[in-house]
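> Here's a sequence, model it:
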Amino acid sequence: MSVKIGFVYFDSPHIVPHFIGTVAELVHHFPDVDVKILVPEIKHDYLEKKMKELDIPSSVMKPLSTYWWKKIAYSIQGRTKPSNRFIFYKHKDYLRSFDLLAFNVFNHMHIKEIKNDGVKFVFLMHGAGDRHYPFAPEYKPFIEQFDLVTTAGPKINRMFKAMGAFPHTEFKICGYPKLDVVSAKREKFFENNNPVVVYNPHFERNFSSFEDWGLKVLEFFAAHKQYNLIFAPHINLFNPEKRLALSRDTIPARFFDKKNILIDFGSEKSVDMTYLKSSDIYLGDMSSQIYEFLLTGIEKPSIFLNSKRVSWEGNPFFNHWQLGKVIDDFEQLGSVLEKAEKWVGDYKEIRKQMLDDTFDVNPGKKATRRVAETLYELARSR
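All right, here's what the predicted structure looks like:
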């Protein structure tokens with residue numbers, strides 16, 4: 001008897017690499033599993049591209065429509081992405097037909113009523129950073145809705161454990177599936193051989209350095225042509241589909257013409273590690289991409305912008321700031337960059353320790369297979 005597993009994908013393209021490899025494993029190696037990727041009726045170019053790369057049949061994608069009257073309202077509003085709440089309500093009986101539903105975010109939990117029919121809920125933890133999401137106390141009620149949470153390594157499990165008891169939720173280390181499906185290589189984006197800095201500010205206003213210092217960063221590199229800059233913010237910082245996102249007009253036109261500055265608001269290269277692999281120095285604040293960056297080279301310098309001047313030492317949500325230099329005064333940026341080759345070696349040991357703690361690697365089994373087996377076993381137990 002077959003089991004039905006659905007992957008709920010109603011978010012931005014940066015989520016795709018975190019689940020698509022697991023879908024491929026289930027499709028190709030678990031013949032008694034009926035797999036569906038549940039999506040809204042909009043374009044999914046990046047998802048379709050990754051499906052083709054991994055030989056996933058197009059029939060695996062299952063678009064879910066919204067109500068006709070909502071389509072009219074969205075048309076009037078100029079909105080392209082429909083509300084998932086209405087879609088989930090319209091298709092609640094279909095959703096209840098699954099043995100297991102897997103999520104990469106938990107802001108879709110207004111469909112939790114379908115759990116009354118025994119559908120297993122799984123949170124496929126995306127990213128492997130230290131930010132308060134989803135480890136702060138206010139997120140505990142959401143996590144408790146899941147039967148299982150898959151994580152990248154021991155660090156994440158410890159952070160969940162620190163939140164208190166979860167009597168009905170299992171936490172299982174499965175590795176980092178994204179690494180199995182990204183094939184990006186270092187690319188040359190500039191006409192010179194100067195050091196390349198990637199600036200990767202987060203989208204959450206409480207933590208992001210962009211609104212305080214972002215334009216200062218661009219001004220600095222425009223004036224210091226001995227460096228190249230890839231400005232690749234978190235994809236949601238300027239995402240027009242996000243209510244609180246910044247307008248792309250925030251970036252003055254003059255910066256787009258600089259030969260030593262590349263600006264990318266959210267293409268594939270900003271989510272498939274291309275820019276991380278093509279950069280020599282990381283500049284950021286709270287993004288978990290710092291750990292992905294370090295995977296591309298343990299000797300690469302990391303610089304963190306403390307534009308909010310937070311007291312970060314000893315705060316577990318800022319653990320990654322131990323991996324490099326923290327700047328509390330923007331005027332320090334020039335001297336920190338200039339001396340990067342001298343201080344980078346000071347952090348080599350802690351980088352290795354924190355990477356090992358963050359990513360659990362099983363040489364004999366890919367993370368995507370580990371997650372697939374875990375989902376299969378749970379779905380069969382329904």
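
> quick one: the strand ranked longest in the chain to chain centroid distance?
Longest strand in the chain, counting residues (DSSP state E): strand 33-40. The gap between where strand 33-40 is centred and where its chain is centred comes out at 20 Å by C-alpha atoms, centre = their mean, to the nearest Å.

> Show the average pLDDT along that strand.
The average pLDDT within strand 33-40 is 96.

> List of residues touching that strand?
Applying C-beta atoms under 8 Å, 6 or more residues apart in numbering, the contact partners of strand 33-40 are 2-10, 23, 26-27, 47, 60-64, 66, 81-82, 84, 87, 95, 98, 101, 376, 379. (C-beta placed from N, C-alpha, C; glycine too.)

> Of those, grab the buried ones for PyMOL.
The buried residues among the contacts of strand 33-40 can be selected in PyMOL (16 or more other C-beta atoms under 10 Å) with this line:
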select buried, resi 3+4+5+6+7+8+9+10+23+26+27+47+60+61+64+66+81+82+84+87+95+98+101+376+379
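
> The contacts of strand 33-40 in helices, which ones?
23, 26-27, 47, 84, 87, 95, 376, 379 (DSSP state H).

> circling back: which strands border the longest strand of the chain, and is each parallel or antiparallel?
strand 3-8 (parallel), strand 61-64 (parallel) (DSSP bridges).

> Go ahead and name everything in contact with the shortest one.
Going back to what we said before, that points to strand 61-64. So strand 61-64 is contacted by 6, 36-41, 44, 47-48, 51, 87, 90-91, 94 (C-beta under 8 Å, 6+ apart).

> Name the nearest of these relative to Thr169.
Gly6 (19.3 Å; C-beta to C-beta).

> isn't the closest one right up against Phe98?
Yes - contact criterion C-beta atoms under 8 Å: Gly6 and Phe98 qualify, at 4.6 Å.

> Check which helix or strand Glu191 maps to.
Under DSSP states H and E, no helix or strand contains Glu191.

> Look up how far Val198 lies from it.
Distance, Glu191 to Val198, by C-beta to C-beta, to the nearest Å: 18 Å.

> Ignoring the adjacent residues along the chain, who's closest to Thr296?
Lys277 (4.7 Å; C-beta to C-beta, 6 or more residues apart in numbering).

> quick one: the one helix or strand in the chain whose mean pLDDT sits lowest to chain centroid distance?
Least confident helix or strand, the chain: helix 68-77 with a mean of 82, by mean pLDDT, DSSP states H and E. When C-alpha coordinates are averaged (C-alpha atoms, centre = their mean), helix 68-77 and its chain have centres 30 Å apart.

> try stretch 34-49
Distance, centroid of stretch 34-49 to centroid of chain: 17 Å (C-alpha atoms, centre = their mean).

> how far does it stretch from start to finish?
Chord length of stretch 34-49, first to last residue, is 21 Å (C-alpha to C-alpha, to the nearest Å).

> Next, the buried residues of it.
Applying 16+ other C-beta under 10 Å to stretch 34-49 flags 34-40, 44, 46-47 as buried.

> If we only consider these, which is nearest to Lys172?
Lys172 lies nearest to Val35 out of the buried residues of stretch 34-49, by C-beta to C-beta, at 19.6 Å.

> Who is the closest one paired with across the strands?
Bridge pairing for Val35 - DSSP bridges - gives Ile5.

> quick one: it from Glu41, how far?
In this view, Val35 and Glu41 are 19 Å apart by C-beta to C-beta.

> isn't Tyr74 right up against Phe86?
No - counting by C-beta under 8 Å, Tyr74 does not reach Phe86; the two are 10.2 Å apart.

> So for the two, which residues contact both of them?
Joint contacts of Tyr74 and Phe86 (C-beta under 8 Å, 6+ apart) are Thr66.

> Verify the stated contact: Val105 with Asp11.
Yes - using C-beta under 8 Å, Val105 is in contact with Asp11, at 5.5 Å.

> Run through who's touching the least confident helix or strand of the chain.
66, 80, 82-83, 86.

> try stretch 253-260
Here stretch 253-260 makes contact (C-beta under 8 Å, 6+ apart) with 190-192, 194, 218, 221-222, 225, 227-229, 231, 261, 263.
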